[in-house]
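[1] Here is a sequence together with a model predicted from it:
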2 protein chains.
Amino acid sequence: MNDSRPIRAKSGTNHEGTSAHNRRVMIDALRINGALSRADLARATRLTKQTVSNIIEELERDGLVSSQEAVRRGRGQPSTPYRLVPEGAFAIGLQIDRHVTRAVAVDLVGSVLVRDEAGLPPGGPSNGTKVILDLVAGIRSKLAGVVQQSEKRLVGLGAAMPGPFGVAGSGDDPWMMEAWQKFPLLETLTAGTGLDVGLQNDAAAAATAERMVGAAHGIDHAVCLFVGYGIGAGLILNGELYRGTNGNAGEIGMVLLFADGKSTPLEHRASLASLYQHLSVDPADPGLYARINDLALRGDQSIDAWVEAAAVDLRWSIHLIETLFDPQTVILCGSAPEALVNRLIAAIGPLLPSIAERRGRTLPRLQPGMADPWSVALGAAAGPISRAFDPRFAAILKDSL
Amino acid sequence: MNDSRPIRAKSGTNHEGTSAHNRRVMIDALRINGALSRADLARATRLTKQTVSNIIEELERDGLVSSQEAVRRGRGQPSTPYRLVPEGAFAIGLQIDRHVTRAVAVDLVGSVLVRDEAGLPPGGPSNGTKVILDLVAGIRSKLAGVVQQSEKRLVGLGAAMPGPFGVAGSGDDPWMMEAWQKFPLLETLTAGTGLDVGLQNDAAAAATAERMVGAAHGIDHAVCLFVGYGIGAGLILNGELYRGTNGNAGEIGMVLLFADGKSTPLEHRASLASLYQHLSVDPADPGLYARINDLALRGDQSIDAWVEAAAVDLRWSIHLIETLFDPQTVILCGSAPEALVNRLIAAIGPLLPSIAERRGRTLPRLQPGMADPWSVALGAAAGPISRAFDPRFAAILKDSL
DNA sequence: CTCATTAAGTCAAGTGTCTTGACTTATTAC
DNA sequence: GTAATAAGTCAAGACACTTGACTTAATGAG
């Protein structure tokens, strides 16, 4: 009687799935193209004018879009463009890093409204959880002071921290990141905030940020090479962040390189960690960021040596990414000081030959992305916004409800 | 007046999209789980019994599913399982290789019904096009002799050949593959056969085959490392083949490795091409395949040396794939002789440490896949079947019609 | 200045597909 | 023998997109 082999199947869909998808498509179109009229939207989405009208009416009621001044565009009735209402939705982004945690609140179009940071005491989650929850609570109350109805329009909390997740330790871990990676962060944050919580690694967060407001805006195949304390790649494939089986896709820093009879992970050679070691400085020093920016601007010699060496590895990393992912473009971003990133970009060129070298390219093979200590927190916040509003296969299925 | 910036947007969907998706979900569920009753399908897909009944009735009318003997499963009315009807659809697969072209006809469940091959004369497309079109025509007429209504149920022609596509030449090209890669193959095949034609590289085809009938059956994140004349990776991400911007994703053989001050593409070190060079044999020799299989079985010394060297590079390739794609499993397949693949698998272990090394794995990190000279042609044929029947985001959208 | 033309957008009825809830059928467990 | 359980059907209903005619508002040609 009890056969009970579990049956695996994808979920079906129904009218609600259709409707949810079409709403998302409208929002996406307005995000990519700016304000559009109902007729524009109907043509672009292949839906009928009537359907678009109904959806736009509903989105307007929900406070997600609003009409602008009618514009005359030649013959025919003037069109009424609609735009996204930034205050239509908010999300909180949380970055957990080795010795600091940052939080931001962003709106529907990815503008940062509130930001704050706090030092993380040593000892990992047992000491840090309260700091984080307090920081998030502070951001929420500040947000409530800045805009109306923020709590009602809060779609979620996105967290980002260095990966990889769920893997036995690498050993060199002065800041207990491994303890954080094993800690039930999702559950703790959900319980502590009552919000919908998502988690991604810092490179994925950077890519999410680039897709919402940066160089990957409106691009469906892009890879962000993220240079931070470690290095990682955030993958935008088919217009969505690709996570892999366990959220660890893109951990390029863990690629082992063999030379002189020993193996070294890529990120031991090209990352801020390697720079700090090269300079023999204390990574926990709060003034370090500014000091390195300054050194990079002045063309300091010891920085130069590191830049040259790191550029070799980053050049190869870009070649690797192009060869394996065939993206439209690669974006170099990081939580590194901007001057340093600029030096790196200058030193990386010219790129290695690869399949990305083809006639008729419209985008450069390599583009600079955000180099801002807050970009990871922004990307963390962009996660819930994207989950809630971007068109995705999963959002159509019944089991997404 | 003529604003005419092109508006970019994803396509919306409607009832037909919903219905098309649900039909695909049914077929997918039957493919993965074998025969299922309407009630089983309703639970698995989260649709109602009534909806499933209607869809199954329609699929049965279309000849895609058929009922089996009712089975008693304890209390309650016995259930009537439905299964996929293999003869419900057919597709032709075409492999274009350096000196040979192979074609197969497969049915809805991926069984090969007819196969044939022909030598490709030197000179590239100008001499080879006729051979290929004749081969396909022959397969079609043989198929018509084996099954009823084959032409009516033919969903398309899938072609596979070594990549990369659309890239300036690599130089070493005695078999004019570059000419083939530049040739408007899709157009020629479409015009010459009247069928819907798709094109992928050989590694992608191997992955498509593994997903339909091999080790990746029912798995949503898998990478096939394909060892052929070159090497490549076929990427199954989120349950679909990932192609990249230009169909070149996964071209791992083109990854440049730096050693001793010079750079070498990975596939110069680990591929059949490297083996042929190592053995100083002529790759065009038609008996080569059997001879190498024989040598591998006998434990030949010169093969051994190559296996040991290639295993080092393949071991690293697997590590690289695990680190960048975070798949559930890696499948080693190839158009190499089976005995050779077995030797390679034995020589590759133990694998390098990576993020794939985790507690609670259910699948092995590395699995053997098909090692059959016909697997690429089979995968090529599986492409149209998958496009026509597998659940995919694109199939829901209005512009897919 | 007038009026045909063009285009945006609305109205109201129509259509397709899934859902609901009651019902029928067939089997097992007690 | 009868209650419980489960598969599957029936018929009406709900929902979201579509259709085609209509209204509104502008331009441009004569």
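    Ah, there it is.
[2] CA atoms for contacts and neighbours, from now on please.
    Fine.
[3] Which residue is it, in the stretch 201-350 of chain A, that comes closest to DNA strand C?
    Of all residues in the stretch 201-350 of chain A, residue A:218 sits closest to DNA strand C, at 22.7 Å by Cα to the nearest atom of the strand.
[4] List the contacts of that residue.
    For residue A:218, the contact set (Cα atoms under 8 Å, 6 or more residues apart in numbering or on different chains) comprises A:32, A:211, A:212.
[5] restrict those to those near DNA strand C?
    With Cα under 7 Å from any atom of the strand as the criterion, the contacts of residue A:218 include none near DNA strand C.
[6] one step back: how confident was the prediction at the residue of the stretch 201-350 of chain A closest to DNA strand C?
    Looking at residue A:218, its pLDDT is 93.
[7] In helices only, show me the contacts of residue A:218.
    The members of those that map onto helices under DSSP state H are A:32, A:211, A:212.
[8] and the gap between the first one and DNA strand D?
    It stands for residue A:32. Note on residue A:32: its distance to DNA strand D, by Cα to the nearest atom of the strand, to the nearest Å, is 20 Å.
[9] Poorly predicted segments of chain A, please.
    Residue ranges of chain A with pLDDT under 70: A:1-4, A:168-176, A:401.
[10] Spell out which residues belonging to it are near DNA strand C, please.
    So far as Cα under 7 Å from any atom of the strand goes, chain A lies against DNA strand C at A:1, A:13-15, A:37-40, A:49-50, A:53, A:75-81.
[11] Also near chain B: which of the residues you listed, exactly?
    Among those, the ones lying near chain B by Cα under 8 Å from any Cα of the partner chain are A:1, A:13, A:14, A:15, A:40.
[12] what about burial for the residues of chain A next to DNA strand C, which qualify?
    Among these, those classed as buried by 16 or more other Cα atoms under 10 Å in any protein chain shown are A:13, A:14, A:37, A:38, A:39, A:40, A:53, A:79, A:80, A:81.
[13] hang on, the earlier thing: against DNA strand D, how distant is the residue of the stretch 201-350 of chain A closest to DNA strand C?
    22 Å.
[14] Same check on residue A:273?
    From residue A:273 to DNA strand D the distance is 50 Å (Cα to the nearest atom of the strand).
[15] quick revisit: got the ones in helices among the contacts of residue A:218 as CSV, with neighbour count and distance to residue A:115 columns?
    Converted to CSV, those look like this (neighbours: other Cα atoms under 10 Å in any protein chain shown; distance: Cα to Cα, whole Å):
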residue, neighbour count, distance to residue A:115
A:32, 16, 25
A:211, 24, 20
A:212, 25, 18
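[16] Contacting chain B as well, which ones from those?
    Answer for the ones in helices among the contacts of residue A:218 near chain B (Cα under 8 Å from any Cα): residue A:32.
[17] Same list (the ones in helices among the contacts of residue A:218) but as CSV, adding distance to residue A:267.
    CSV is the format used below for the ones in helices among the contacts of residue A:218 (distance: Cα to Cα, whole Å):
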residue, distance to residue A:267
A:32, 34
A:211, 24
A:212, 27
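[18] mind listing which of the residues of chain A next to DNA strand C are in strands?
    Taking DSSP state E, the ones among the residues of chain A next to DNA strand C that sit in strands are A:37, A:81.
[19] Restricting to the residues of chain A next to DNA strand C, which residues neighbour DNA strand D?
    A:15, A:49, A:50, A:75, A:76, A:77, A:78.
[20] Please enumerate residues in contact with stretch A:318-325?
    A:223, A:225, A:327, A:330, A:351-356, B:244, B:248-252, B:254-256.
[21] Just the buried residues out of those, in ChimeraX syntax.
    Selecting the buried subset of the contacts of stretch A:318-325 in ChimeraX, with 16+ other Cα under 10 Å as the burial test, is done by:
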select /A:223,225,327,330,351,354,355,356 /B:244,248,249,250,251,252,254,255,256
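[22] any idea how far stretch A:149-168 is from the chain center?
    11 Å (Cα atoms, centre = their mean, to the nearest Å).
[23] try stretch A:305-315
    Worked out by Cα atoms, centre = their mean, stretch A:305-315 lies 25 Å from the chain centre.
[24] and stretch A:355-365, does that touch chain B?
    Yes. Counting by Cα under 8 Å from any Cα, chain B is contacted by stretch A:355-365 at A:355, A:357, A:358.
[25] How about whatever residue of the stretch 201-350 of chain A ends up closest to DNA strand D: what's its closest non-neighbour residue?
    In the stretch 201-350 of chain A, the residue that lies nearest DNA strand D is residue A:239 (21.0 Å; Cα to the nearest atom of the strand). Distances taken as Cα to Cα, 6 or more residues apart in numbering or on different chains place residue A:220 nearest to residue A:239, at 3.8 Å, with adjacent residues excluded.
[26] tell me the secondary structure for that neighbour?
    coil (DSSP: H, G, I helix; E, B strand; the rest coil).
[27] And the contacts of residue A:218, which is closest to chain B?
    Nearest to chain B among these, counting by Cα to the nearest Cα, is residue A:32 at 7.2 Å.
[28] residue contacts, the closest one?
    A:217, A:218, B:8, B:9 are the contacts of residue A:32 under Cα under 8 Å, 6+ apart.
[29] what separates it from DNA strand C, distance-wise?
    In terms of Cα to the nearest atom of the strand, residue A:32 sits 18 Å off from DNA strand C.
[30] now residue A:109
    22 Å.
[31] these two touch, right, that residue and residue A:88?
    No. Residue A:109 is not in contact with residue A:88 according to Cα atoms under 8 Å; the separation is 9.0 Å.
[32] Can you pull the phi and psi angles for the residue of the stretch 1-150 of chain A at minimum distance from DNA strand C?
    Nearest to DNA strand C, among the residues of the stretch 1-150 of chain A, is residue A:76, at 3.0 Å (Cα to the nearest atom of the strand). Backbone geometry at residue A:76, expressed as degrees, to the nearest 10, gives phi 90, psi 170.
[33] next one: residue A:159
    Torsion angles, degrees, to the nearest 10, at residue A:159: phi -110, psi 150.
[34] Show the contacting residues for it.
    A:93, A:94, A:95, A:96, A:197, A:198, A:199, A:200, A:377, A:380, A:381.
[35] List the residues that contact the last one.
    Read that as residue A:381. Contacts of residue A:381 (Cα under 8 Å, 6+ apart): A:91, A:92, A:93, A:94, A:104, A:105, A:106, A:157, A:158, A:159.
[36] picking up where we left off before, so of the contacts of residue A:159, which ones are in strands?
    A:93, A:94, A:95, A:96, A:197, A:198, A:199, A:200.
[37] Which two among those are spaced furthest apart?
    A:96 and A:197 (14.0 Å; Cα to Cα).
[38] These two: which has the busier surroundings?
    Higher neighbour count among residue A:96 and residue A:197: residue A:96, with 25 against 22, using other Cα atoms under 10 Å in any protein chain shown.
[39] Do I have it right that that one meets residue A:160?
    Yes. Counting by Cα under 8 Å, residue A:96 does reach residue A:160; the two are 6.2 Å apart.
[40] Now stretch A:248-265 - C-alpha only, CSV.
    The C-alpha atoms that make up stretch A:248-265 are tabulated as CSV, following Å, rounded to 0.1, in the frame of the first residue of the first chain:
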residue,chain,number,x,y,z
ASN,A,248,28.4,28.8,-3.7
ALA,A,249,28.6,29.2,-7.5
GLY,A,250,31.2,31.7,-8.6
GLU,A,251,33.7,31.1,-5.7
ILE,A,252,36.5,31.8,-8.1
GLY,A,253,38.9,32.7,-5.2
MET,A,254,39.0,29.1,-4.2
VAL,A,255,40.3,27.9,-7.5
LEU,A,256,43.6,26.2,-6.8
LEU,A,257,46.6,27.2,-8.9
PHE,A,258,49.6,25.0,-9.2
ALA,A,259,53.0,26.4,-9.5
ASP,A,260,56.4,25.5,-8.2
GLY,A,261,55.0,22.2,-7.0
LYS,A,262,52.5,23.6,-4.6
SER,A,263,48.9,24.7,-4.9
THR,A,264,47.6,28.2,-3.9
PRO,A,265,44.0,29.4,-4.0
